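In: when you get a sec, could you give me coordinates for this:
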Amino acid sequence: MTGFLKRIILPVAVVGFLTAGVFAKEYKLTVSESDPGKWVFQPGATVPVRDGQKIIRAQSDAGGRVFAVLQIPPGRLRGDVIRFRCEVKAENVSEPPNSWNGVKFMLVYKDKYGIVRYPQAVFRHGGNLNFDFTKVEFVVQVPKDVSLTLNCGIELSTGAVEFRNISIEEIPFKKYWAELFPPPVKLPEDFKCEYSEAVKNMPVCRGFMSSTQYRKGDIDEMAKWGANLVRWQIQRSFAKVDAEMDIDDFNRYIDSKLDEMEQIFADCRRLGIKVILDVHAPPGGLIDGKNMRMFFESKYRDAFIDTWRRIVQRTQKDKDVLYGYDIINEPRQQRKTPDDYLKVQYEVAKAIREIDPETPILIESNNSASPGDFAYLAPLPLKNIIYQAHMYSPLQFTHQGIGGQKVGAVYPSLTGGEKIDKESLRENLNEVRRFQQKYGARILIGEFNAIVGADGEHEWLYDVIDIMEGYKWDWCYHAFREWGAWSPEHIGGWNNGKHWLKRPAEGTLRKELLTAFFKRNHEEPGSVKAVPRDKFVKPKPKVIINTRDIRFPGWKHDFKTSISDNLVRAENNANAKVIGFYSRQFQVTANGKYRVVFEARGTAGLQVAFTGTDRIDLKNAAGVVRIPLNGQKWSDIQMPLPVSKSCNGALSIFAWDQPGRWFEIRNFRVESL
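Out: Numbers count the residues shown, from 1 in each chain. Take a look at the predicted model:
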């Protein structure tokens, strides 16, 4: 690695960073709790000497949080790959309540969208944890010019942890991945993918990802919509740690699903639909959230290769209906191993070719089939290899409300200083396009979607499909009758922070959009009809009032109020019966649709009402909505405005009889839909 790594060693004998420059050499640091930008030692964190070397020790007798914290100022890291390493020792660390607690070697930062990220080394508990100094590491890409916080310590466990030889390395992106994922075989500079005439002449295919189970009639419905491709997933334990550890049981499960595939093949043959056979979760599952076990433990790798031999032998009579064999769904590997994500796929592909020389094989990029990871994906020297990516970018839009993602991202928009629009989607897919053009590869986007109810969901879907169509990529919408939040047969949204779904009898705009593009499956390639975008563009809501229109009560009141920029605060500093504020008056109509949107936090129990006057007066209120708050944590609130008649009114936001309580509101607006 020497030659292109910039490395800084952080001996704990010295603590803190120089005020200028980037990491390019060893810095001497001094222990200080008062100097900003240096280590801060919480109670229980000390700096003992071991073998003449100062180290960090964090000891917790009560099961709380004990950290040594290092602040890394903005601009000190350049935004390439950053590797954090250290040696850790654990002394009788009790099993924590969650897998992410216990021993902590963790970075904390906000990404460009304002989302807090917590990349960290993973420590496996199973009772009390004891081990001598062991090397650990994690790798992360951080945005440029952000503040970083490195935490070394113990969280929600009793016991003690010691850290030494902490290091941070900056590594140029392409060189790092080239070292971590070397091509499994050396290829000539002018290498081009080889395809049979049948594959070269196969028109663009468009269809669905399947459900996890076969239901009679589902494939017929796909055909009615116009789909001619289905990516059929075989799995019962996707993305789970320590899943499918029993290889014999895994094989029995695969055999049972192959029995089911007999009916699926029969339906697809009858309906003219091609099948991608997708083993969606491999034996051994995940070691942690970022690494599949079979890349590190040979018995699971060998079992996986044998599984694919059995699958291919079993499906030879159904080759006529197969689009291809999808070897590994969303491979994950971030640590170095001789059997990396691509080498294992290559070994499986060679085993398949011993049995079936023609049926296409699908190879996926690393990090969950990430389009960006095509930057270091190497092509394989086998015939009829199709390369696959999944498209869910940007995650803060497509996965809002999932796994803690904040709700409210809009497409298209300017978010976190970055424009999210069709060109940014195209940019996200640039590495896939570059790979296609350089090697003459056939491309499949095996999954793509944005959660039902996202603001701009149809525009996002249209733009992604339009880009894929322009590049002549095959594609599968994720997914058909799998989960309602991905469903093209559902509509949805958020009400008071909760995601709701409904399946309307009259159909959905998603269905209309997909069927419009599926019609191309049945048109002559030279005569495909344009699908107009305007039909799928949702009119943007009109903002009637916002935070600037908030007013405080005009009478003398015994509670504190304040407003600054986009934030309003009310605090019951005495024994006020009510605290809060109201908006200026605005006009609504009986047949109009309105929505109240804001973020709130605090200790008071919040209430919201539409009143007939511009004061906190509930005599004529059109319904009162109660909203529990969660202390310092911001809650995303979206609620319909109850309007029964045309009138002028105001919105009151308040809390009753709660001495010492407070609440804050930001990004407040009332929208006409």
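In: give me phi/psi at the residue lying closest to Leu673 once chain neighbours are set aside?
Out: For Leu673, ignoring the flanking residues on the chain, the nearest one in space by Cβ to Cβ, 6 or more residues apart in numbering is Lys593 at 4.3 Å. (Each C-beta comes from the backbone N, C-alpha and C, glycine too.) The phi and psi values for Lys593, taken as degrees, to the nearest 10, are phi -120, psi 130.
In: which helix or which strand is home to the nearest residue to Ile465 once chain neighbours are set aside?
Out: Leaving aside its chain neighbours, Ile465 sits nearest to Phe517 (5.6 Å; criterion: Cβ to Cβ, 6+ apart). Assessed by DSSP states H and E, Phe517 sits inside helix 509-518.
In: next one: Val230
Out: Secondary-structure assignment from DSSP H and E places Val230 in strand 229-234.
In: avg pLDDT for that strand?
Out: Here strand 229-234 scores 97 as its mean pLDDT.
In: what packs against it?
Out: Helices and strands touching strand 229-234, by 3 or more Cβ pairs under 8 Å, 6 or more residues apart in numbering; DSSP states H and E, are strand 206-209, helix 247-271, strand 274-279, strand 474-477.
In: touching that strand from outside, list them.
Out: Outside strand 229-234, the residues that touch it by Cβ atoms under 8 Å, 6 or more residues apart in numbering are 205-212, 219, 222, 254, 257, 261, 264, 268, 273-280, 323, 326, 329, 446-447, 474, 476, 480.
In: ok, the residue nearest to Ile465 to Ala351 distance?
Out: 36 Å (Cβ to Cβ, to the nearest Å).
In: so between those two, which is more surrounded?
Out: Higher neighbour count among Phe517 and Ala351: Phe517, with 21 against 16, using other Cβ atoms under 10 Å.
In: any stretches of the chain with poor pLDDT?
Out: Counting by pLDDT under 70, the ranges of the chain that qualify are 1-37, 75-79, 112-114, 414-418, 553-559, 565, 612-623, 642.
In: which non-adjacent residue is nearest the residue most central in space within it?
Out: Taking Cα atoms, centre = their mean, the centroid of the chain lies closest to Leu395, which sits 4.9 Å from it. Using Cβ to Cβ, 6+ apart and skipping the chain neighbours, the partner closest in space to Leu395 is Gln405 (6.7 Å).
In: hmm, who's touching stretch 157-164?
Out: The contact list for stretch 157-164 (Cβ under 8 Å, 6+ apart) reads 12, 50, 53, 55-63, 68, 86-96, 101-105, 128-129, 133, 152-154.
In: scratch that, stretch 243-259 is what I was asking about
Out: Contact with stretch 243-259 is made by 234, 236-237, 279, 281-286, 299-300, 303, 307, 310-311, 314-315, as judged by Cβ under 8 Å, 6+ apart.
In: show me which residues of it are buried.
Out: Neighbour counts using 16 or more other Cβ atoms under 10 Å place Ala243, Glu244, Ile247, Phe250, Asn251, Tyr253, Ile254, Lys257, Leu258 of stretch 243-259 among the buried residues.
In: with stretch 95-107 instead?
Out: Under 16+ other Cβ under 10 Å, the buried positions of stretch 95-107 are Pro96, Asn101, Gly102, Val103, Lys104, Phe105, Met106, Leu107.
In: now the end-to-end length of that stretch.
Out: Start to finish, the residues bounding stretch 95-107 are 22 Å apart (Cα to Cα, to the nearest Å).
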